[in-house]
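[1] The following comprises the amino acid sequence and a computationally predicted model.
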Amino acid sequence: MAWAILFTAGLLEIGWAIGLKYTEGFSRLVPSALTLAAMAGSVILLGVALKTLPIGTAYAVWTGIGAVGTAALGIFLLGEPATALRLASIGLIVAGIVGLKLVG
């Protein structure tokens, strides 16, 4: 169950990271409120997952999910470049997440 909670926390991290782009410096009310809610939810769920999971593993997986998801959505939603090196780097992060899950 802790892994599912951690995964959800990672998804919320993606949400707030992408949400920051749409807040326009926190000058737009709805995107700002949603981004702040995602931030709070992400950290709260990370804290819940940490009751069971080791901090090093959980934090690395949480940030990894956030990094991979944010980079992918940057490519798909915001037109950021999908170069081979960028995609390979994202793949390395995914490999690290999988590795930590296997040993954690």
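    Happy to help now that I have it.
[2] For the chain, just list every one of the helices.
    Ranges of helices in the chain, per DSSP state H, are 2-23, 29-49, 55-78, 84-103.
[3] For the chain, identify the residue most remote from the centre.
    Most distant from the centre of the chain: residue 27, at 23.1 Å, with distances by Cα atoms, centre = their mean.
[4] what's the spatially most central residue of the chain in contact with, if anything?
    Among the residues of the chain, the one closest to the centroid is residue 66, at 1.7 Å (Cα atoms, centre = their mean). By Cβ atoms under 8 Å, 6 or more residues apart in numbering, the contact set of residue 66 is 10, 13, 14, 17. Using the backbone N, CA and C atoms, a C-beta is placed for each residue, glycine as well.
[5] Adding mean pLDDT as columns, could you present the helices of the chain in TSV?
    Shown next, in TSV, are the helices of the chain (pLDDT from 0 to 100):
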stretch	mean pLDDT
helix 2-23	97
helix 29-49	98
helix 55-78	96
helix 84-103	95
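[6] which of those sits most buried?
    helix 2-23 (a mean of 19; mean count of other Cβ atoms under 10 Å).
[7] residues in contact with that helix?
    Against helix 2-23 from outside (Cβ under 8 Å, 6+ apart): 28, 31-32, 34-36, 38-39, 41-46, 48-49, 51-53, 58, 61-66, 69-70, 73-74, 77-78, 101.
[8] Just want the angle from that helix to helix 84-103.
    Calculated by axes from the mean of the first three to the mean of the last three Cα atoms, to 10 degrees, helix 2-23 forms an angle of 150 degrees with helix 84-103.
[9] any chance of the contacts of residue 66 in a markdown table, with distance to residue 94 too?
    Supplementary listing: the contacts of residue 66 in a markdown table, determined by distance: Cβ to Cβ, whole Å:
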| residue | distance to residue 94 |
| --- | --- |
| 10 | 12 |
| 13 | 15 |
| 14 | 14 |
| 17 | 17 |
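[10] Go through these and name the one nearest residue 87.
    Nearest to residue 87 among the contacts of residue 66, counting by Cβ to Cβ, is residue 14 at 17.3 Å.
[11] Fine, thanks again, bye for now.
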